[in-house]
Each structure stands twice: as structure tokens, then as C-alpha cells.
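Asker: Return atomic coordinates for the entry below.
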Amino acid sequence: MALVDVTKSCLDSITQISEHIEGAVVYLDAGSTESFQFIGAFPLLLNHGVRAICSLENMSSLDAAVDWNADSDPDRKVVVVTSRLLSDAHRYILRCLSTHLAVRCCTIFTSISEMAHSAYPDSPLGPDAFHEYESLLVQDYEELVKKGEKKPIQPGVSNFKDNIDLGDGWSGLSPSEEGSTARDSYGENLIAETEVGQNLVVSVRHFPMIMCPLSPRVFVLPSEGSVAEAYLSAKHEDALSPGLPSLSTGLPSDGDDIPPGATLTANFLYHFAAKMDLKMEIFSLGDLSKTVGKMLTDMSSLYDVGRRKRSAGLLLVDRTLDLLTPCCHGDSLVDRVFSSVPRKESTAFYAHIKTSQSQLKQGPSNLERASLDVQIPLAKILSEEDCKIDNFRLLESIEAFLCGWDSNNSASQILDLSNLKNKIYNEKLPQLENELLRGSLVTTENFRGTPYLEALLDRKTKEGTLLVKKWLQEALCLENILNVKARPGFATKSELQAMTKALAKSQSSLLRNKGIIQLAVAALAALDESHSSRWEAFSNAEKILSVSAEDTSQSLAVQIGDFINKSALLGLHGQKNGKLGDAQGVLSFQDALHIMISGYILAGENFPTAGNDGPFSWQEEQLLKDSIVEAILENPSIAKLKFLHGLMEELETNLNRIKSEESKKESSDQINIDDLDDDQWGNWGDEDVDDTNSSQEKVYDDMQLKLELRDRVDNLFKFLHKLSSLKSRNIPLKDGALDSDNNFTGDPYASRGLLYKLLKRVLGKNDVPGLEYHSSTVGQLFKSGFRRFGLAQAKPSLADQNIILVFVVGGINGVEVREAQEALFESGRPDIEMILGGTTLLTPDDMLDLLLGKSSYF
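Answerer: Numbering: from 1, shown residues only. Have a look, this model is predicted:
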């Protein structure tokens, strides 16, 4: 039986559409680019005859220049691959067609199925969504072409863009996205020379395998795709964030209340299973997972009758059943890399999209996820001298050319060239290096058959860096570079840096070993003092909270208060010294709030008798509130979170006023009383009255500001009470069945996440309260028939399946991937193939944004 390989299935899907992409200019949106980067699809696309691979959001008329050649076919093809709804990508597709006016064939591949398009709320497309969109796109395109032909074409004037109103489609482009006149001159020439809009053929096809595999058996969805960006919960009492499922209270959900993220997730999983040739036995834990499971069951009952496929088990789990694991800074090298290395800025895709009336009432239905496209800083590791030499060779060649071309005017041109050289040397060189010398993580890159990311996902930080060191040593031996010495044992930052520089010294070695070099630079960024010290400080603080939670609630509250006070003192000290950055190894005030979230979740798990007023006593919580209020009043810049939105400016103004009054008071105290003459004493009483009135107004303003701030902080603690009640309000966690192995095993601080405990119980064939099996309609009919004769069948067990797909609705992190593999290994079932997936890859900073940041309902 063939092994399950997600990456190979994605590459095979590209091969299956080779006839459509051959000889075409392929445009990828941000989500598709992210996916194709992880699976290493760009060489495969070129092997299948693709003429160019371009960005859909950043497209230009100059993209058409790439297919200029003598034997060019006049009937050009454009292929668009998008991970978004057609209605969202429409404006970019329309701009693409209006720019490449010689196009005769446009094929659009979308990861969102036709069924999902019709089921999506506020979708303008019906059941026959793809055919409807084909006709709508041709209609909009022809209207744009007619508008572009109204004015006569003049040289140097962009008539076509002036006459095209891209707002005629579902949404318009902003002026900044339309490009400059110079960039559109190519499109103007095509209007003059080509018959436009004749026989344009548009076809829309479904391409479901757009995902980001971290290994052949671990994947997440693209951060800028419609599935990952869709809301997983509407705003109500049990909701925490649009990026997380609501609390699993067990209340039945109305069909109209199903969030769009659930619909898109169910459709994705169904078509993913179909591509992998799997027939799913579906199990779910959590309210939203049950909704997704029911939708999957209905689709399977309708479309899978009579098909022979491999049987597999699907386990759906709500993220809100365990928020502590992704909030904590666990021992995972992959989590450290994604938290330390800078990421690509997300495309502002929805910034200019027009919303419908229902969306205006309910608010936006999409959120911004952190990009998975890490920007590995290769410029820091490569030799600076070599970079300077390579950058200035071109300038020296231009200088020699100018001297030979025009000896009369070359002097002034050479002076300008030397000024440019100095400017690049002094200002632009670091920026150019950072922009051009960036690496990325690719799943298919391997060393002698060992995939990098797959090998590191199961490793802790020390084990992972040691493995990277071993790969570097073997690569150096193959390159006959033997002058780099390394001591046996734990890999240090200096050793990794020296080996990476030696391996990247020559261009040929750099190209041959770019995979391990990129991974080593990413590991170096994670081990850098500025990142590792903060991570270790977080980890130590979380261990202290875990130990305190085993004691009493008072001990835990004292520890949380201590972290808040220390971080506030640090921020105040840094403000006085004029240093806004955080000291290495010390947590900021925002970090202390992050720790407080973990502390409240821990308190709810360890003190279940706590009521709605929180896990701590009134006195303990009041001390925490006072500490936070005082810290924000003394230094408002330390807490830039959503709950202070609209109040930050007033807080900073108040702080500046207090500082100015203190400075005035100090200066007035230095005035000698002998300098005062007798005439000034006559107005002394009147001045005292004026000062008293103004001081009363200031006191009133200060009180108003403090009351408003205390009200905001009270709301913050109400939200923390909701987090502390996760165990009592989530029905599957109420009876504590999943807490049976919550004891600290081996390492007294190493507690396991929910996914590990759940898999241990499932693979051991133990009952899991709240775990629901979704039987198909046909299966329910057979069961009801057998029951009449006393032959009722037992509920299937997930452990009976040889292939198990675990999908966490809301996202996963690196620690959970490692713990899931450990649970499978400890079960003694080497015959089981497990695939682990999630909505996105979560880091602790992502969780803070979901709970308290701009992506929170709080």
C-alpha cells in the first residue's frame, strides 16, 4: 500500500493540469505563492512549459514581455491560480486581462469549490458558480474594452486606464494599484495593433490542493487564502476571536449561524480527501468541529456512493478546547524559527473591496493571518566584502563604458556615477542586501534523501540545532572544506555561523547547499540573543506559573502581579533613559499581559470551583487591576493593545502634562525669594484663586481619565474570566476525563497538550466524552434496520483505521506536531499513518493578537 504523502499529492495535482499551463503566463495570488513555495512547485511549473510566473496582486503590463520571442504564438494564454473566492479575486483577474489585451485564452484555477461558492454567505454566485463567473468575467471585460476605445490614443497618454473603471466589477482598484503611465504604455500599443475582445475564452476549474505542507504528513492552509481568513465564529457571548471557534457549550447551532469558515473548511477537507483517494470515517470534538463533521457527512452521502477508496479516520478538534498550548513558549525549534524570523507583509487584499449592506451591519467577515512566508536573512551570514565587490563591479563597468562612449560628457557622468557609488555604499547597500538576499523554507529540499522540515518538526530546540550541525558537517565534507573545526556535543551559535559561512563562501557551493544554508541561518536567527533570551524568559515564567498553579490561587496571583510590576518598572526605567527597546532577557509589559492570559487559563484548570467572578479572590484581583492601571498611567506606550483603542492619545497627553508641571515646579522652587518686589504681593490672593480653579479642573480631568481606564481594565478582566472558565464551559472538558494524565511526567514542568491526551485515549481505544461519530445516511439506515433484528453494530473506533487525519479547526503549533508523533509512537501502532493539519500555524504572538490584539472580539 502506498504511503500517504501530502507534498507529492500537491505536485501530482500540478502535473495533472500541465496541458492548461503549457505555454502560458501563470499568475499566482499571495496564498497560492505561499503554497507553491512550500511544495517547491516553481521548477515543476517551468518544466511543464510555463513562460513566466508572476504575482497576481502586483501584476504589471511588463509581465507580457517575458514571452517575446521569434516563434511566439499570437494566441497567448494566461492562467490564474487563486486561493480565494472568485468574487474576491475578480478585480485582479479583470486588471490582468485588461493589461494583456492579446490574450485569447484565460484559465482560472481556484481552490474554493463550486459548492462552497454557492454556499458562502453574500456570494453573488449561485449553484452553477463557475459557469456564471465565466460569463460575468467576459461581460465585464468587453465593457472595459469598449470604454478603453472611446478616446483616440495619443502617444504618452494612458487613455485605456483613464477610461477603464474597474469598479464596474465587484470592486474597484485604488489609484496606487493601477500603476503608472509608463508601465501601461505596452498595453496602449496592444490596443492600437490588436483586435481586442475577439473570441476571448474563459474557463474556471477547481484546484483544491493549495496548501502549505510543512512535511509530507503535516500541513496548514495558506495564510492569505479565503479558508484561513474566513471567520470561525460570529461575535456573541461565547466567542473569543473571529479566528477561533466559539466555546463548546453544547447548544445546537442554527443553520443561519454557521460561520463562513466552517463551510469553507468542510468543503476543503472533502475535496482534499477525494484527491488523496480516502473515504473518511468522521469523528469530532467541539461544537464547530461537529458542524464541520455534519457538513462533511452530508457531502459524502451525496457524492461518494459506490466509490471504492481507502478507508481513513478523520478527527476534527476545536482549537478553543486547548488555548494554553499555543499560548505557551514550548520547546520546539520550528516554533522558535517562525517566531524569530521576519515574515512577508500580508497583501492588503480587502482594503478596497466594497461590502454589502449585511456585511456593513455585521462587520467584515475576514481576518488577517500572519504570513507563513518567512524571510530568512541570508545577507547577515554572507561575506560583506564579497557583496561590496559584486555590487560595484557593475558600476565600474558602466564607468569604463562612459569613458569610451562620449569623452566630452563623460566627466560629469562619471562624477554622478561616483556619487551614486558612495550613496549605495553608505545608505542603500544594507537595504539592498536585506531585500535581495532572503531565503525561505521549502518542504521538498533535502539532504541526501532526508527532508529538512520533516526531520526538524519532531525535534526540540537542542536536538534540532544538533541535527542542523550534523547536516552542515556532512555538507562540508562533501565539499572538501576541512578547515572548520567543531567540538562534539551541543551546537553553539558561533559553530553554526562559522560552518554556514564556509559552506556559502563559493557560489557553486552556495547553490548546491542552499537548502541547509537557509535552514542554518533560520536556526541562527532563533538562537540569537535578542530572540532566545526573550523566549527563555517566557518559558521560565510559564514554568513558575505552572508550579504556582499546583499550590494555591493566592500564590499564582502573587506571581502574576510580580511579573506585571517588574515589566512596568522596566518600561518606566527605559522611558526615563530614552530607550524604548526591551532589555534582553526581560519581559515587557505586553509580555506580562500575555503571561497573565496563561495564568488565568491555568487557574481555571486547577481551581475549577471558582465562579463567574474569576479564579482569584476580590482582593487578589484588585491588586492586579491596580498594578495594570498604575503601569499604564505612568507609561502608556508600553501597552498598545486593542482594549486601549481611543484612549492612548489622552493617556499620553496627560502624562506629558504631568511631566511639564513637575519641571515647572522644580524650576519655580529654584527662584530666590529676594528677587520678588513688594508690588507682586498685591495680586497674590487673586492668583491663588485662579490656580485653585485650574487645579480643580485638572483633578476632574484626571479622575475622568482614571475612571475610563479602570473601566477598560475591568472589561479586560471580564475577558480573562471567560478564559479561566474554558474548562467549565467547554462540555468535552467538564468531567475531567482528559485530565487523567495531567500529572507532570519525568520533567516536573513538562505538561502535555490536549492533542496528545486525546490521541493517547483514542489510540488506546478508551472512551472520550464528547467525541461524536458522524455516520452517513446510508449507514444510519443499515443500523436502524439491523436493530430491528437485534443485530446493532458497535460504533466504529478511530484506532481501527490505518490512516488517521487529525485537523485542528483554528490552527496548530510545532509543539503539538511533536506531541502527536510521540502519542503515535507510544501507542505501539507503527502500522498507522497519521496526517496532521490545521487552519494555520500558530505562534504565541499570533495567539496574543487573536485574544487581545486587532483580531480579537474583546
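Asker: distance of the most centrally placed residue in the chain from L848?
Answerer: Centroid check for the chain by C-alpha atoms, centre = their mean gives A370 as the closest residue, at 2.3 Å. Applying C-beta to C-beta, to the nearest Å, the value for A370 to L848 is 11 Å. (C-beta placed from N, C-alpha, C; glycine too.)
Asker: for T444, same thing?
Answerer: In this view, T444 and L848 are 32 Å apart by C-beta to C-beta.
Asker: show me the contacts for the nearest residue to L593 once chain neighbours are set aside.
Answerer: Of all residues not flanking L593 in the chain, L852 sits nearest, at 6.7 Å (C-beta to C-beta, 6 or more residues apart in numbering). Contacts for L852 (C-beta atoms under 8 Å, 6 or more residues apart in numbering) come out as L593, I597, L641, K642, F643, L716, F719, F858.
Asker: which one among the residues you listed gets closest to A820?
Answerer: Nearest to A820 out of the contacts of L852 is I597 (C-beta to C-beta; 23.9 Å).
Asker: Helix or strand: which one has the closest one?
Answerer: Here I597 sits within helix 589-606, counting by DSSP states H and E.
Asker: Run the angle between whatever helix or strand comes next after that helix and helix 589-606 for me.
Answerer: Note on helix 589-606: by DSSP H and E, the next helix or strand toward the C-terminus is helix 618-634. Helix 618-634 and helix 589-606 are oriented at 170 degrees to each other (axes from the mean of the first three to the mean of the last three C-alpha atoms, to 10 degrees).
Asker: Please export the C-alpha coordinates of helix 618-634 as CSV.
Answerer: Once non-C-alpha atoms are left out, helix 618-634 reads as follows in CSV (Å, rounded to 0.1, in the frame of the first residue of the first chain):
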residue,chain,number,x,y,z
TRP,A,618,-11.6,40.1,45.1
GLN,A,619,-8.6,41.4,47.0
GLU,A,620,-6.1,39.5,44.8
GLU,A,621,-7.7,40.6,41.6
GLN,A,622,-8.0,44.2,42.8
LEU,A,623,-4.2,44.3,43.3
LEU,A,624,-3.7,43.1,39.8
LYS,A,625,-6.0,45.7,38.4
ASP,A,626,-4.3,48.5,40.4
SER,A,627,-0.9,47.3,39.1
ILE,A,628,-2.1,47.5,35.5
VAL,A,629,-3.8,50.9,35.9
GLU,A,630,-0.7,52.4,37.5
ALA,A,631,1.6,50.9,34.9
ILE,A,632,-0.4,52.3,32.0
LEU,A,633,-0.8,55.8,33.6
GLU,A,634,2.9,56.0,34.2
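Asker: Quick one: residues contacting D277.
Answerer: Per C-beta under 8 Å, 6+ apart, neighbours of D277: K309, R310.
Asker: got it, and S311?
Answerer: The contact partners of S311, by C-beta under 8 Å, 6+ apart, come to L278, K279, E281, Q801, N802, I803.
Asker: what separates it from A820, distance-wise?
Answerer: In terms of C-beta to C-beta, S311 sits 21 Å off from A820.
Asker: In the contacts of L852, find the pair that's most separated.
Answerer: Taking C-beta to C-beta, the two most distant members of those are I597 and K642; they sit 13.6 Å apart.
Asker: who's more crowded, those two?
Answerer: The neighbour count for I597 versus K642, taken as other C-beta atoms under 10 Å, is higher for I597 (21 against 14).
Asker: ok, back up a step: let me know the helix or strand that the closest residue in space to the residue nearest to the centre of the chain that isn't next to it in sequence is in.
Answerer: With C-beta to C-beta, 6+ apart as the measure, D846 is the residue that lies nearest to A370, at 5.3 Å, once sequence neighbours are left out. Here D846 sits within helix 844-851, counting by DSSP H and E.
Asker: list the helices and strands that helix packs on?
Answerer: Counting contacts by 3 or more C-beta pairs under 8 Å, 6 or more residues apart in numbering; DSSP states H and E, helix 844-851 is packed against helix 324-327, helix 333-340, helix 589-606.
Asker: Tell me which of those helices approaches L136 most closely.
Answerer: L136 lies closest, by C-beta to C-beta, to one member of the helices and strands packed on helix 844-851: helix 333-340, at 39.2 Å.
Asker: Would you map the strands across the stretch 251-400 of the chain?
Answerer: Counting by DSSP state E, counting those that start in this stretch, the stretch 251-400 of the chain has these strands, from start to end: 278-285, 310-318, 376-377.
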